[in-house]
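# fold the following and give me the result.
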Amino acid sequence: MATLDAIGEDVRVTVAAIAGMVSCAYPPPDSAPYQGPAAWVDLGPVLVEMGNLEFQQIAVTVTIATPRKGDYPNEYRLVLDYARRVLTAFRLNLAVAGGAMMMAPATISRPIAARYGEADPNIVACTVTFSLETEEETVNALAQ
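The predicted structure is shown next:
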């Protein structure tokens, strides 16, 4: 099974490869991006219960942000467009880091004006959230 760091790095590389993305960080940065669109990846294990089955998946949150420069409607559209590109990239990328696969449902949050970290700039950001399941997790769930 791939390690959590290997999966995080593979997610970062996939997001960074999207045309026009200025930067992508894993783990999340300490301060907001000064150029956009930028993204950061956060992930960790979550426990999923389905009927009498109980198994662990990897929850992935990709935050897409751009600095707030006073053009909110266009900044809103920009981060939403990149969120859709991120989601499409993972729908087309069938295997992440040694066999982890994207599981449905995936969500895109509504973009909001926000502040990240302690320094300027303010940002407009939204998140793409989905889960990954590895081959080992699938086999373990079926074996229960």
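# helices along this protein, start to end?
4-16, 72-92, 135-143 (DSSP state H).
# and those helices, which one's lowest on average pLDDT?
Lowest mean pLDDT within these: helix 135-143, at a mean of 54.
# what's the first-to-last distance across stretch 12-24?
Start and end residues of stretch 12-24 are separated by 6 Å (CA to CA, to the nearest Å).
# now the residue nearest the centre of the chain: closest residue in space, sequence neighbours ignored.
The C-alpha lying nearest the average C-alpha coordinate of the chain belongs to Val62 (CA atoms, centre = their mean; 2.1 Å). Closest residue to Val62 apart from its sequence neighbours, by CB to CB, 6 or more residues apart in numbering: Val128 at 4.5 Å. For the C-beta atoms, the positions are set from N, CA and C on the backbone; glycine is no exception.
# that neighbour reaches Pro111, doesn't it?
No. Contact criterion CB atoms under 8 Å: Val128 and Pro111 do not qualify, at 11.5 Å.
# biggest strand in the chain, by residue count?
Longest strand of the chain, by residue count under DSSP state E: strand 53-67.
# quick check: mean pLDDT across it?
What strand 53-67 shows for mean pLDDT is 88.
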